[in-house]
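Peer 1: With the sequence up front, the predicted model follows.
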Amino acid sequence: MNPVSSKKTPFTFDSIEPESGLKSALGKSRADIIAEISASGLRGRGGAGFPTGTKWNLAAAAKVKAGGNKYVVCNADEGEPGTFKDRVILLEHADLVFEGMTIGALAVGAKLGILYLRGEYVYMRPHLDAVLQRRRHQKLLGTAIAGREGFDFDIQIHMGAGAYVCGEETALIESLEGCRGEPRNRPPFPVDTGFDGQPTIVNNVETLAWAACILSRSAHWFKSIGTDKSAGYKLFSVSGDCREPGVYEFPLGISVAELLQKVGGEGAKAVQVGGASGHCIPASEFSRRIAFEDISTGGSIIVFGPGRDMLEVAKNFMEFFVEESCGQCTPCRVGNAKLLEGVGLLERGECSMQYVQELLGLSETMQLASKCGLGQSSPNAFVSIVKHFKDEIMGRTLVH
Ligand code: SF4
């Protein structure tokens, strides 16, 4: 395995007795499974942080249309730059993820699960197919799961094709349906009208693995870790200028400074929390907490050492968004190109402070008016770099 993808701390997942979460769920009613997940405080680990219990509850209450079925989709389209923790989970804890999907199916009444796997992870396919096949032989998938009549559920794998925007749940569903991966207008939400027009829960790989742990260990255990608003542990993909890059498990609420100390990133100039769509945190704010109430993240941590050129960092992220915007709405399609153009002007020392202010105004418009999370979050890095590293990036500016 690539050393960057390896575990640097033990994972709680290592200590969970296989299938103990599913066994516990089978002894509960649907409402009690959802109540347990809600009481745990589990929020989506893909970055958005939506309460998992609420999502499951809405899908459980939604009616299927014209004799169809409900669906559980595992979002394994791990494409945020700097994120590689789902890769490790799927390679080393695939059973726990499939167990979480099965518990989700039991809770909402779904018959089919789909793992939407990032195209670049195609090398994992034989391993994941083998795990699914073994689970069918063990009666953990298929008809009458674990001997319970009427509980029928199976899981298929669908390969993504490399578009970052398909990590957005409605674009992912479009892609699953064989269409171009473009985000949909919401509402309706997938919990009501998702894959094939049916109620669908879309959860991140890590979220589903934690759901299985919670059913195994209890909501109380999970809730006792982290902070009031951000319960539990979180996996972090750490890369960049630090001595020990890799995948770490820490409780939510850890400060940026504590995290840097654990990964050998002391002396960093800045940390990008949340990948390209996240925020650039300067050293003066390293006491801030990584939690939904302060700096939220899907798990990507990129460390920038003292020698990094922050304008180069902004350029790198903006090039990424110009490439990955699906082009459906104007604020994102045009806005990202204008911000990249602005970075070019800054690089050449041809950008006035007044034009930088106009670009910040454009960023605000993009955050407010873009149709999906990609365009709403793509200016974040540019805005935070301009805010915190103004002297560095304006040092090249010709004053008009
Ligand atoms: S915000 Fe960007 S990615 Fe999202 S729909 Fe608009 S153009 Fe597409």
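Peer 2: Arrived safely, thanks for sending.

Peer 1: where does the most centrally placed residue in the chain fall, helix, sheet strand or coil?
Peer 2: Geometric centre of the chain, nearest residue: residue 46, 1.9 Å, by C-alpha atoms, centre = their mean. Assigned by DSSP: H, G, I helix; E, B strand; the rest coil, the conformation of residue 46 is coil.

Peer 1: Now for it: which residues touch it?
Peer 2: 75, 167, 203, 204, 206, 207, 298 (C-beta atoms under 8 Å, 6 or more residues apart in numbering). Where you see a C-beta, it was placed from the backbone N, CA and C, and this is true even at glycine.

Peer 1: Equivalent analysis for residue 253, please.
Peer 2: Here residue 253 is in contact with 226, 227, 230, 289, 290, 291 (criterion: C-beta under 8 Å, 6+ apart).

Peer 1: Excluding sequence neighbours, find me the nearest residue to it.
Peer 2: residue 227 (4.0 Å; C-beta to C-beta, 6 or more residues apart in numbering).

Peer 1: hang on, isn't that neighbour packed against residue 290?
Peer 2: No: Residue 227 is beyond contact range of residue 290, at 10.0 Å (criterion: C-beta atoms under 8 Å).

Peer 1: Contacts made by whichever strand or helix holds residue 386 with the rest, please.
Peer 2: In the assignment (DSSP states H and E), residue 386 maps to helix 380-388. Here helix 380-388 makes contact (C-beta under 8 Å, 6+ apart) with 270, 272, 274, 276-282, 284-285, 310-311, 313-314, 317-318, 339, 343, 356, 359-360, 363, 367, 393.

Peer 1: Nearest to residue 352 among the contacts of residue 253?
Peer 2: residue 290 (35.8 Å; C-beta to C-beta).

Peer 1: count of neighbours near residue 22?
Peer 2: Neighbourhood size, residue 22 [other C-beta atoms under 10 Å]: 20.

Peer 1: Next, it: secondary structure please.
Peer 2: helix.

Peer 1: Return the residues in contact with it.
Peer 2: 99, 102, 103, 140, 146, 212, 215.

Peer 1: contacting residues around residue 314?
Peer 2: Here residue 314 is in contact with 343, 381, 382, 385, 386, 393 (C-beta under 8 Å, 6+ apart).

Peer 1: among the contacts of residue 46, which are in strands?
Peer 2: Those of the contacts of residue 46 mapping onto strands are 75, 203, 204, per DSSP state E.

Peer 1: which among those residues gets closest to residue 196?
Peer 2: For the ones in strands among the contacts of residue 46, the nearest to residue 196 is residue 75 (16.8 Å; C-beta to C-beta).

Peer 1: Can you verify my assumption that the closest one contacts residue 170?
Peer 2: No: Residue 75 is not in contact with residue 170 according to C-beta under 8 Å; the separation is 11.4 Å.

Peer 1: about what we covered before: which one of residue 227 and residue 290 is surrounded by more residues?
Peer 2: residue 290 (26 against 17).

Peer 1: which strand residues sit across from that one in the sheet?
Peer 2: Under DSSP bridges, the beta-bridge partners of residue 290 are residue 295.

Peer 1: correct me, but it touches residue 257?
Peer 2: No: Residue 290 is beyond contact range of residue 257, at 10.7 Å (criterion: C-beta under 8 Å).

Peer 1: ok, for residue 44, nearest residue in space, not its chain neighbours?
Peer 2: Counting by C-beta to C-beta, 6+ apart, the residue nearest residue 44 is residue 50, at 4.8 Å.

Peer 1: What number of neighbouring residues does the one you found come out with?
Peer 2: Counted with other C-beta under 10 Å, residue 50 comes out at 14.

Peer 1: again with the one 5 residues further on
Peer 2: Look at residue 55: counted by other C-beta under 10 Å, it has 23 neighbours.
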